[in-house]
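> A predicted structure for the sequence below; I have some questions about it.
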Amino acid sequence: MSAAASTSERSLSPVVRAAARGELPEWARASEKRRAHIGRVAALLDEWARALGLSEPERTRWVAAGWLHDVLREAPPDELRPRVPPEFRDLPGKLLHGPAAAERLAGQADPELLDAIRYHTLGSARFGRLGRALYLADFLEPGRRYEAEWTAALRARMPHDMDAVMREVVDARVRHVTESGSTLHPQTRALHEQVKGA
């Protein structure tokens, strides 16, 4: 049974319910500028959850994921690196916050929500619908200055054309990484292969 099918208001932890109200945990490391970005991501997820007709508990999870995804974005990498599982320790410092936040939230959120937060910068073939939505909202939120017309057009197609939008965004992100001379993370490569075959 999926998290979406089994989610009830009672099953949501106090941290998840508070995050859905825009209240970050006391251990958050996010400036006002970062919180503004987080709020825009959460607003997109709320809009998309409503458009999809998700239940209230499920919408709460989506909004909470938006508020929690960058909760440790401004923590020093040297502080985060020892707190993430070994498979993430070699990531560049700016990518450690997702795995670190998921570790910090373990036991307070369901596995799908944790994976959405853990992999929101890398992408993952393990994503459920929530993970894909967070990955896209983080990239497409209107405060980003990257390709404003293109991203606005993609936002206009969401959430009902999510698979096609996902293909375009993953292709663009993979192209950016490879053109910059960086190596694709195995999770990113797996997601790219998955969406190409969809």
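Received, thanks.

> Contacts only, for the nearest residue to residue 141 once chain neighbours are set aside.
For residue 141, the nearest residue in space outside its immediate sequence neighbours is residue 40; the separation is 4.2 Å by CB to CB, 6 or more residues apart in numbering. C-beta here means a position set from N, CA and C on the backbone, and glycine is covered the same way. Residues near residue 40 by CB atoms under 8 Å, 6 or more residues apart in numbering: 141, 142, 143.

> ok, now residue 98?
69, 117, 118, 119, 120, 121, 122.

> Can you name the element that comes right after the worst-scoring helix or strand of the chain on mean pLDDT?
Of all helical and strand segments in the chain, the minimum by mean pLDDT, DSSP states H and E falls on helix 3-6, at a mean of 48. Later in the chain than helix 3-6, the nearest helix or strand by DSSP states H and E is helix 14-20.

> distance between the helix or strand just after that next one and the chain's centre?
Once helix 14-20 ends, the next helix or strand along the chain (criterion: DSSP H and E) is helix 32-51. Here the centre of helix 32-51 is set off from its chain's centre by 11 Å, with CA atoms, centre = their mean, to the nearest Å.

> ditto for stretch 15-22
On CA atoms, centre = their mean, the centre of stretch 15-22 falls 15 Å from that of its chain.

> Can you give me the buried ones in it?
Buried residues in stretch 15-22, counting neighbours by 16 or more other CB atoms under 10 Å, are found at 15, 16, 18, 19, 20.

> Pull the most distant pair out of those.
When these are compared pair by pair using CB to CB, the farthest-apart members prove to be 15 and 20, with a separation of 9.8 Å.

> what number of residues lie near the nearest residue to residue 128 once chain neighbours are set aside?
Computed as CB to CB, 6+ apart, the closest residue to residue 128 that is not its neighbour in sequence is residue 112, at 4.7 Å. As a burial measure, residue 112 scores 19 neighbours (other CB atoms under 10 Å).

> What separation is there between residue 112 and residue 118?
Relative to residue 118, residue 112 is positioned 11 Å away (CB to CB, to the nearest Å).

> And the buried residues of stretch 15-22, which is closest to residue 82?
Looking across the buried residues of stretch 15-22 and measuring by CB to CB, the closest to residue 82 is residue 15, at 22.5 Å.
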